[in-house]
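Asks: Sequence and predicted structure are below.
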Amino acid sequence: LGAKAVLTDLPEALDLLEENIQLNKASMAYLPVAKAFDWDEALSTVPQGLSPPLVDELKAAGLWPVAGILISDCTYLPHHAAALRAAIESICENQTEVLLCHVDRDVKWHFKDWFNEALQEV
């Protein structure tokens, strides 16, 4: 589609992420950038009013502000909820659109509490 994209995962998954970028590069106008993003870094910095290292990396690379975030298949372990929320908050600004793809499982996630009136379910 021609958009610049940053793909994130845990540091130990970056090699696989890079491999997949290379396997699909012929179909992309811009190659995505792979970056490590441990949500626990956001969880430890955001409550203090600080940013995780990823934010500085994105700014230095000219990839800031973030216009949109696509989160897919990241809500299967409820004990990661606080870290995921902190990660979202750390890279969002007022106009950032967040598309969170979620499958209801046996555990209740409180997205309405996170996003208030900005939440739109589709």
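Replies: It's in.
Asks: Which elements pack onto the helix or strand hosting residue 56?
Replies: Assigned by DSSP states H and E, residue 56 belongs to helix 53-60. Identification of packing neighbours for helix 53-60 by 3 or more Cβ pairs under 8 Å, 6 or more residues apart in numbering; DSSP states H and E yields strand 33-36, helix 81-91. All C-beta atoms are positioned from the backbone trio N, CA, C, and that covers glycine.
Asks: Excluding chain neighbours, give the residue nearest to residue 97 in space.
Replies: Nearest residue to residue 97, sequence neighbours excluded (Cβ to Cβ, 6 or more residues apart in numbering): residue 68, at 4.4 Å.
Asks: which residue ranges form the helices in this protein?
Replies: 14-23, 39-45, 53-60, 81-91, 111-115 (DSSP state H).
Asks: Indicate which one of the ones you listed is closest to residue 101.
Replies: Nearest to residue 101 among the helices of the chain is helix 111-115 (11.7 Å), distances taken as Cβ to Cβ.
Asks: which parts of the closest one are buried?
Replies: Within helix 111-115, the residues that count as buried by 16 or more other Cβ atoms under 10 Å are residue 114.
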